[in-house]
Every structure is written in C-alpha cells, then in structure tokens.
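quick check, what structure comes out for this input:
(chains A, B, C and D)
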Protein chains: 4
Amino acid sequence: MRKSKPLRSEMGWSNRDTITVRGFDLTKDLLGKVDLGGMAWLEITGRLPTPKEAEVFNALLITLVEHGMTPQAISTRLIATCSPEAMQAAVAAGLLGVGSVFAGGSEQIARVLQTALDGRDDAADLAAIAGAIVEDHVARKSPIPGIGHPIHKPIDPRTPVLFGIAEKNGYRGRYVALLEAIAATAEKRLNRSLPINATGAIGAVLSELGFPWRICRGVAIIGRAVGLVGHIAEEMRNPLGLEIWERIDHEVMTNATAGGGDS
Amino acid sequence: MRKSKPLRSEMGWSNRDTITVRGFDLTKDLLGKVDLGGMAWLEITGRLPTPKEAEVFNALLITLVEHGMTPQAISTRLIATCSPEAMQAAVAAGLLGVGSVFAGGSEQIARVLQTALDGRDDAADLAAIAGAIVEDHVARKSPIPGIGHPIHKPIDPRTPVLFGIAEKNGYRGRYVALLEAIAATAEKRLNRSLPINATGAIGAVLSELGFPWRICRGVAIIGRAVGLVGHIAEEMRNPLGLEIWERIDHEVMTNATAGGGDS
Amino acid sequence: MRKSKPLRSEMGWSNRDTITVRGFDLTKDLLGKVDLGGMAWLEITGRLPTPKEAEVFNALLITLVEHGMTPQAISTRLIATCSPEAMQAAVAAGLLGVGSVFAGGSEQIARVLQTALDGRDDAADLAAIAGAIVEDHVARKSPIPGIGHPIHKPIDPRTPVLFGIAEKNGYRGRYVALLEAIAATAEKRLNRSLPINATGAIGAVLSELGFPWRICRGVAIIGRAVGLVGHIAEEMRNPLGLEIWERIDHEVMTNATAGGGDS
Amino acid sequence: MRKSKPLRSEMGWSNRDTITVRGFDLTKDLLGKVDLGGMAWLEITGRLPTPKEAEVFNALLITLVEHGMTPQAISTRLIATCSPEAMQAAVAAGLLGVGSVFAGGSEQIARVLQTALDGRDDAADLAAIAGAIVEDHVARKSPIPGIGHPIHKPIDPRTPVLFGIAEKNGYRGRYVALLEAIAATAEKRLNRSLPINATGAIGAVLSELGFPWRICRGVAIIGRAVGLVGHIAEEMRNPLGLEIWERIDHEVMTNATAGGGDS
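Residues are numbered from 1 along each chain as shown, chains lettered A, B, ... in the order given. Coordinates of the predicted model:
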C-alpha cells in the first residue's frame, strides 16, 4: 500500500460563508482595501506589502505590461483570430513566450546576483565579484543576463527610473550595486554599450525586495498577462490578426512558387 | 498583387529614449504613479481610471485571484512539476481553464445583461425583461449564467461586498438591478436557492463600468494569472504536484489491475 | 465526510515489467506492429483499426497536418523564438488556434450531421433534411459549417479524394450523402459557390467511421501537432520568427509615429 | 528604412486547385498513400521515409503516446472540465508538461550522444567516452539523462524492444552502443540499477536516424498529443476531472481548517 503525504496548502480555502486567501478574509479584509499589485505580493509572499514595498512592486509589475507588437502580442492576436470562443487560449498563447529570450530574463540575472551574494556580508568587494562574473561569462561565451539592449542605448530609460523608485523607498542596495558593477565591467571588457536593461533592473530590485530568483519570471508573466488582454481588447475593435496571417502566407507562397527555392 | 491593409495599433511603441504606452510616456507618466490595476484599466480602455473607477475595478480584479486548489491551480502545479524550466508554461496550463465552466462566466452574464438593455432607456421594465430571460433559458434548458453556487448558499458572500463597493462609487445601476431581478425571478420559477455568484456580480459591475461583454473574461484571466504565480511560489516551497500525480496514478492502476474494469 | 468516487480509467497503466495500453501489452502487441495512426485510433476507440479503417483514418489525419504559414504555424514560430528552451510551449501556442475558425470546424459539421440523422433509418429523405438545415442556418444568419472556402473554388481538391478513399473502403454512406445534399441546397439557395471543404469532408467521414462529434476536433489537433513540430524543425534551420516580429513591430511604430492615428 | 529579409518556407503552400506539402501534391501523392507516422517524418526531414525508417520511426512515435494517468493526462482532464468549449486548450494544457522532467528528456540524451560523437570516426573508444561523460555528470552532481527509472528496474521493458526494432532495420549503431556504455559505466560507478529508459532509447535511436538533438523532443510531443486526445475521449465517457478536483480541494480545506498549518 502506497503511503500518502497529506496535501496541505496555505493559499486559500472556502466554506459556505467565507473565502480565506492567505489567512485573510477576502470579503472583510481584502475587497476594497487591496489593489491588484498588493494582491500579487500577498499571493507570492504570504503577507500584505508595506506602502513602500507596494510602490516599488507595482512599478516593477507595470514595466513589462506593454511593449507594443511583441512576438507575444502577435501570437495572442493570431490565436484570438482562430479561436474567438476561448480568450484564455489567446492569452496563454502569448504568455508562453515569456521565456528566456524575451521578458522572462529577470530570473536569470536575479540568479546571478543572489548566487553571488549568498552568504556574503556587506563588506564584500563588489568590483571583484563583478569581475569574476564577467570573466566567467566571457570564458563560457555566454551572454551576461540583464545588460544590453538592441534599441535602448546607451541607457535603457526604464532603468534609472526604477532604481530611483527603489532608492526613494529604501530598496536600492547591494544587488543593484552589483549589477551596476557588472554592467560597468562588461562595457570596459567587451568594449561596447551594455546598459542595464529593464529586465535586469527588475531582477535586481526584486532581489532587494527579498524575492527568490526562481519566482522572478512570475512578475513578467503577471505584467504580460495584463498587456495581452489589452491587445485582445484592441483586436476586437481593430482586427490585425487576419491581415498579419494573410500577408505572411501570401509572401511565402509567392516566394515559393517563383522558383526561388533558395531557402 | 495582394493589397495590404496598413497595420496600426495604439497599444504602444518605443524608440531609443522613450517607451510609449497608450499615449503615455512609461517612465515619466506611469512608473511610480499607476498601480497594476490602473495599468490594466489603461490597457483595456485607453485612459487612466478615476479614483472611483480604480477602486471598483481593483475589487473586481482581486476577487478571482485565489480560490484555493481549483482545477487551474492543480494543473499549474502538475505542469510546474513536469517543466520546471518554463514557468510560463505552468501558468498557461492553468489559465487555459478560465473557460465557460470555471471563472470565465462573467462574459456570459454580461452578454445577457448588455444584450437585454441595449438601446433601452431607464424606464425599461426590468421585472418583465428578467422574466423573459428566465423563461427563455428554461425553455432552452440552458442554465442561467451568473446565478447559483454549489457551496455559497443562500448568499455568495462576495456579491453584497462587490455591489456595496460599486454603490459607494456610483456604479450600482440598472445592470446590477437587472441581475438581481433575474436571480429573484429564477429562484421563484425554479424553486431553489440561486444566489448571484461572484462571477455574476463581476459581469454586472463590469457592465456598469462600460466594459463590452466580449472583454469581460479578461478580468478573470488577469486575476487568475496572479493567483497561479502564487501557487507556483508555494509549489517551490511545498511541492504537491508529484504527490497528486502519484496518488492518482496509483489508485487508477490499483483499480484497473484489481479486475474492476467496470468503468 | 465527503464520499469519493473511485478513479477508474482504461487508458493504461504499468508495473515493473509491463506497460499496458488500452488492454494491449505495449512491448509485445504494439511496438513494431502498429503505426502512429493506428495508435490514435486505439486511443480514441479502445480497439485496433481494421486495415480499411486504418487507411481511411490515416488519410483524415494527414489532411490537416500542413497548410503552410497558417496563423498557428506563425504563432509556433514566434513563441519558439521567445522560449527556445521549451519546444512544448511553442507547439502548444500554435495548437491553441485549432478552434472554431481554423481547422477545428469538423466538430461543428459532424454535430449537424449526427444530430440530423440520429435515430433515423436509411429511408430518411436526405434532401428534405438538408433543406431544413440550410433554412435553419439562413434564418439564424449563421454560416453552415463544412462548406465554402476562400481559395479552393469551385472545388476543394481534398474533398473528392477523401470521399474516394472512404468509398473504396466502404465508408461513404449517408453522412457524406447528407453533406453533399446540404452543399448543393446551399449553393442554390445562396447562389454562390459553396464546395464541401476539407474540414467538412473530415467531419462527414469521421461520422461514417462512428466517431462522436464531440471528439472530431481531436483529429485536427493531432494532425496539426505533427505539422507544428515540422515548422519548428524548419525554424531551427531557417528562422523566420524574428523577421516576422521585427517587421510588424517596425510597421506599427512607423505608422503610429507618423501621426496617422486614424485606427 | 528597415531592410526586410524575404520570408521563405518549404513547408507548404496552396492555390485554387492544389495543396503542396514539402514539395508533394497532397491529394495526388500523399492522401491514401502515407500514414501519419510517414507524414511526421516528411514534415521534419523533407522527404518520405523508407519502409525501414518508417518502421523504426513509428515505433519511437507510439512509445510515449500512453502511460496512464500522467501529470499531463490529469491536466488535460482538469482543463477539459473547465473549458469544454475548447478541446485544443485541454490538449495544450497537458502538452505543456512535455518538459525536461517527464517525457521530454530524449532531447537531453541525444544532445549528450551527438555532442560526444560529433566529428569522431568509427574507431572512437566508446568506453573511454562513456567514462568521461559519467565522470563529468558526477562532478557536476547532475543526473545523467536517459538512464534510470523509478519503476521499471532492472530493465525498462521498452528499451530492448526498441533496440531490437532498430537493429532489425539497420539502425543500431554507435549512438546506441555509447548509451549502453554510459549506462553500464554509471551502474558500476554509482552502484545502483540504472537501466536505459524509454526516453534514452528514443534519443539514441533518433540519433541513429539522423535527427538533430534539438528536434528530438518533438517526437514526444507528437506522441503525447495523440494520447491526450485519447484521454479527452475517455473523459467524455467517464469524467474524472471533477472528482479529482473536488477530492484535492476537500482534503486541502480539511487539513487547513483542522489547524494543521504545519506545511
């Protein structure tokens, strides 16, 4: 006979008269009192945020909501065209792109920062640590997460604003400092513009707020879910999915039948 | 030659120095000034909410974030167990369940309410309209969306609180009144307890806020995305996915090999 | 105390030495003896197909595998660009488009056909039934599923071939005849070319094979899953996702900043 | 002005009268002549398989179709319960679990094997290569992919059958031999039973067939898509999703409210 492990969860439960969420009574303690950003904090950490935490966390959450016609937004619009009966499918199709290449990378830089500072006290030599991190990535020919941007050069305009909001609320500490040291070292070592990008800034500030690196991608997922619902709302007013599909289909067919099989 | 329709979108775009979201400068106008709920409103409607709108909308958004071990939360935990490298896949797996049966139903009731009141002035006889709606559903043997709950009887505790927040801010109007008339009529006609459930309340209040019914499911999708990230955070601390899988697998195997092939 | 319903499934189970799939020993009875199409039949029906059934079913399964740069294929390529670490996410993103508009429609026509002929004997007057179906759809201003195609006119070239394979194997019966009657009636009634399309042919022949309408979309899902893996394989050799994204993003940005905010 | 790269694809296209798939005329060359496994081969490789290739490839494809109530099958059933209007969403929810932990691992072992033998001739010393691979994984405390199984010990019954089918058709070569050497070395080095599992066997035989390691997970995705449609078909006859959900929800609620918040 198999021995069962009891299933226990602190997320929530309900009975006839009450709904409990992370120990709070939803109708008495939360509805009308907590906003969506505070609810996200509660879900992930198990307690409500202080006003300072809420200000910083909401700034991080909204940064990645909207970036125009991203691959994720295009996918959401195409799938909304195919499956209009299931909006959840269209949002999910776009969310699946919050991966290692676009938008999901705050996990990677937070891992680097948290691993590097784990167990170190405040006297740690950040320049030396940054140097070792850069050399390690160069040796493995691996890109350093959190720095560099194809368009926003020499500065990603989101980064100083996010660091400013963090500083104002007391959350600009050694994780931010280490990331700054990494970017500075890498720019010198690789001799090109490598600004801290928004994903990097989010990973560093989430580390300041105490979020384990493994959960950091969740912040991008939440923000992008909001943005993709926005794209569906626009797609309902102004459909682009069909035009995008037909145009690509037409070009591929034209190129294929023109005998240009050089691909 | 195929004629292209130009692709135009008002969602957002960026250049080297700025990121524009729905006409606002992300770094100057939004970061540190708007919370995640306000950002969701902006994405869907194209303008920032008033404080009253923001209070009501945030209450609607957080209502569906967490309801314990829903089918969606279980799916997310199972897929997180299988694909730990891709958190976005686990969240998407759960979100796909925000459909017609669980959590997605505010679309259905908002459609009923908006269709019924479309083009009617304030003098419309809500009791007569409600009666027609109930009879139509009874005749088609179709369940009436937005009313009834397996557990929360005779009252879904979220409904009066949501209606109260709506009222306080000036958004308790004829959509809410029509839904109340539908529930009262249906209870009498079908002789059983049919409280307005949270999904129904959300659909009615979103209608008061001016949201087209087609986009209403998006509010559940956003809220549930937040909640599913919360479940992944707990799954990282306290894994349940493996136990759930092994237990079900074991029971099915035991029942199958015991010769009980009567299913 | 809640009373549990025992969980029973006939799909499969395993112990140390054997894996049982729908009552067959995987290693002794299936590996090397059954192809993927036969396995799909076994999974859905619980028995192995006859050679005739296998020929017809494989033809249906492969019809929808590949149709070039569909919205689904584009989504899969975009998500593969974003999340290269998770191929399953890219395939899922495309599969989510096997909905009511593209590729998923065999469910709808099979429902019409099976509902219409349920309980009728062979003497049923198909012309009269077809007439009633057409009039019902015209009255509801609802498109008739399974007929009409934007490109393949006046004949969808797949339809006569699929019906020929069905006929050769003894599966061209009254469901096919009813669909032909519907198409002929609708062409006359609506005075335009309305060929039976591939989706319609698949729905009719699946009905001949005894598949309940509710499962018919599964045939499109299986076929399209195969095709989307093919697109990922090409994307690895010849990446298009990035170019598609950048081109659309660039056009939207150019149109937006040119002051042409007329969308 | 941005310079566009022309979009070219060899997957397929269509005009009024024909549908071309990988250079073949779908209706003349493929329908009724190629089964689903052959179509999968064509999609991935660009040519039709030989009979020997088809036999081996179909065996690999069907191996992972069904393994009972896997986490993926449970997710598919739960999402089918929530979103019955969108079968594609339920299949996608399960497919998302074809990741690094369950079923997706043939990619990992194929990578190890192909990387190790890249550029080596037949005289390569497989025992030495295997030894280096095992030591490398032990040093990094990383599990060796493709070997070991929680239940199927000391032999995964699928492995010798798959290798036998490969051998009979001339596809048991040095990739299989290297994997056997790895398993034997690891068993000695780690002093426990580490049979080549089905995923490992699939990765090795796909390598023999010439599949690049990056595409190997696609074989598991195709097979599992077939199996998940099978689970939905059973769920329609014999619903388990609701019982699974209610049972877990009930247990979690009972444990939570019993004051046992020790999780």
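
okay, now the unreliable bits of chain A?
Where chain A drops to pLDDT under 70, the residues are A:1, A:259-263.

all helices for it, in order.
Using DSSP state H, the helices of chain A run over A:36-45, A:51-63, A:71-82, A:87-95, A:106-117, A:126-139, A:158-168, A:174-190, A:198-208, A:217-237, A:241-257.

the ones you listed: which one's closest to residue B:161?
Residue B:161 lies closest to helix A:36-45 among the helices of chain A, at 15.0 Å (C-beta to C-beta). From N, CA and C alone the C-beta is placed, and that goes for glycine too.

which other helices and strands contact the closest one?
helix A:51-63, helix B:36-45, helix B:51-63, helix B:217-237 (3 or more C-beta pairs under 8 Å, 6 or more residues apart in numbering or on different chains; DSSP states H and E).

buried residues of the last one, list them for me.
Meaning helix B:217-237. B:217-235 (16 or more other C-beta atoms under 10 Å in any protein chain shown).

then the third one?
For helix B:51-63, a neighbour-count test (16+ other C-beta under 10 Å) marks B:53-63 as buried.

distance between it and the chain's centre?
Relative to its chain's centre, helix B:51-63 lies at 13 Å (C-alpha atoms, centre = their mean, to the nearest Å).

just the CA trace of it, in PDB.
Taking Å, rounded to 0.1, in the frame of the first residue of the first chain, the C-alpha atoms of helix B:51-63 are listed here in PDB:
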ATOM      1  CA  PRO B  51     -10.100  57.000  -8.300                       C
ATOM      2  CA  LYS B  52     -13.700  55.700  -8.100                       C
ATOM      3  CA  GLU B  53     -13.200  53.500 -11.200                       C
ATOM      4  CA  ALA B  54      -9.900  52.300  -9.800                       C
ATOM      5  CA  GLU B  55     -11.400  51.300  -6.500                       C
ATOM      6  CA  VAL B  56     -14.200  49.300  -8.100                       C
ATOM      7  CA  PHE B  57     -12.000  47.800 -10.800                       C
ATOM      8  CA  ASN B  58      -9.300  46.600  -8.400                       C
ATOM      9  CA  ALA B  59     -12.000  44.900  -6.300                       C
ATOM     10  CA  LEU B  60     -13.300  43.000  -9.300                       C
ATOM     11  CA  LEU B  61      -9.700  42.100 -10.300                       C
ATOM     12  CA  ILE B  62      -8.800  40.700  -7.000                       C
ATOM     13  CA  THR B  63     -12.000  38.700  -6.400                       C
END
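
now it against helix A:36-45, angle please.
30 degrees (axes from the mean of the first three to the mean of the last three C-alpha atoms, to 10 degrees).

could you do the shortest one as well?
Using the same axes, to 10 degrees, the inter-axis angle of helix B:36-45 relative to helix A:36-45 is 120 degrees.

other residues contacting helix B:36-45?
Outside helix B:36-45, the residues that touch it by C-beta atoms under 8 Å, 6 or more residues apart in numbering or on different chains are A:35-37, A:40, A:58, A:61-62, A:65-66, A:222-223, A:226-227, A:229-230, A:233, B:11, B:21-22, B:24, B:30, B:34, B:47-49, B:53-54, B:57-58, B:61, B:210-211, B:215, B:218, B:222.

ok, stretch A:16-26 near chain B or not?
Yes - counting by C-beta under 8 Å from any C-beta of the partner chain, chain B is contacted by stretch A:16-26 at A:16-19, A:21-22, A:26.

could you list the buried residues of stretch A:169-178?
A:169, A:171-178.

between those, which is closest to chain D?
residue A:178 (25.1 Å; C-beta to the nearest C-beta).

settle this for me: the closest one is touching residue A:120, isn't it.
No - using C-beta atoms under 8 Å, residue A:178 makes no contact with residue A:120, being 9.9 Å away.

give the residues shared as contacts by those two.
Taking C-beta under 8 Å, 6+ apart as the contact criterion, the common neighbours of residue A:178 and residue A:120 are residue A:129.

what residues does the stretch 101-250 of chain A put near chain D?
A:248-249.

residue of the stretch 101-250 of chain A nearest chain D, please.
Counting by C-beta to the nearest C-beta, the stretch 101-250 of chain A gets nearest chain D through residue A:248, at 6.2 Å.

give me phi/psi at the closest residue to that residue other than its chain neighbours?
Leaving out its chain neighbours, the residue that sits closest to residue A:248 by C-beta to C-beta, 6 or more residues apart in numbering or on different chains is residue C:69, at 5.1 Å. Backbone torsions of residue C:69, given as degrees, to the nearest 10, read phi -80, psi 70.

okay, the residue of the stretch 51-200 of chain A found nearest chain D and residue B:98: tell me how far apart.
Going by C-beta to the nearest C-beta, chain D is nearest to residue A:86 of the stretch 51-200 of chain A, at 3.9 Å. For residue A:86, the distance to residue B:98 equals 9 Å [C-beta to C-beta, to the nearest Å].

of those two, give the one with the bigger neighbour count.
residue B:98 (33 against 28; other C-beta atoms under 10 Å in any protein chain shown).

contact partners for the more buried one?
Contacts of residue B:98 by C-beta under 8 Å, 6+ apart are A:88, B:72, B:104, B:217, B:220-221, B:224, D:82-83.

most widely separated two among the residues of stretch A:16-26 next to chain B?
A:16 and A:22 (20.2 Å).

which one's more surrounded, the two?
residue A:22 (22 against 12).

residues in contact with that one?
With C-beta under 8 Å, 6+ apart, residue A:22 has these contacts: A:10-12, A:42-43, A:46-47, B:66, B:230.

same thing but 6 Å
Contacts for residue A:22 were tallied using C-beta atoms under 6 Å, 6 or more residues apart in numbering or on different chains; they are A:42, A:46.

look up how far residue B:77 lies from it.
Distance from residue A:22 to residue B:77, by C-beta to C-beta: 17 Å.

residue A:72 and residue A:99 touch, don't they?
No - if you go by C-beta atoms under 6 Å, residue A:72 and residue A:99 don't touch, sitting 9.6 Å apart.

and the residue most central in space within chain A, what is it in contact with?
Nearest residue to the geometric centre of chain A (C-alpha atoms, centre = their mean): residue A:220, 2.3 Å. By C-beta under 6 Å, 6+ apart, the contact set of residue A:220 is A:64, A:98, A:103-104.

what is the end-to-end distance of stretch A:65-76?
14 Å (C-alpha to C-alpha, to the nearest Å).

what sits up against that stretch?
By C-beta under 6 Å, 6+ apart, stretch A:65-76 touches A:90, A:93-94, A:97, A:223, A:226-228, A:231, B:11-13, B:21, B:39, C:75, C:78-79, C:81-82, C:93, C:245, C:248-249, C:252.

need the residues of chain A near chain C, please.
Counting by C-beta under 6 Å from any C-beta of the partner chain, chain A comes close to chain C at A:69, A:71, A:74-75, A:78-79, A:81-83, A:85, A:89, A:93, A:96-97, A:99-102, A:238, A:245, A:248-249, A:252, A:263.

pull out the buried residues from those residues.
Buried by 16+ other C-beta under 10 Å: A:69, A:71, A:74-75, A:78-79, A:81-83, A:85, A:89, A:93, A:96-97, A:99-102, A:245, A:248-249, A:252, out of these.

enumerate the residues of the stretch 151-263 of chain A near chain B.
So the stretch 151-263 of chain A meets chain B at A:151, A:157-158, A:161, A:165, A:214-215, A:217-218, A:221-222, A:225-227, A:229-230, A:233-234, A:236, A:240, A:243, A:247, A:250 (C-beta under 6 Å from any C-beta).

at 8 Å what do you get?
With C-beta under 8 Å from any C-beta as the criterion, the stretch 151-263 of chain A comes near chain B at residues A:151-153, A:157-158, A:161-162, A:164-165, A:212, A:214-215, A:217-218, A:221-223, A:225-227, A:229-234, A:236, A:238, A:240, A:243-244, A:246-247, A:250.
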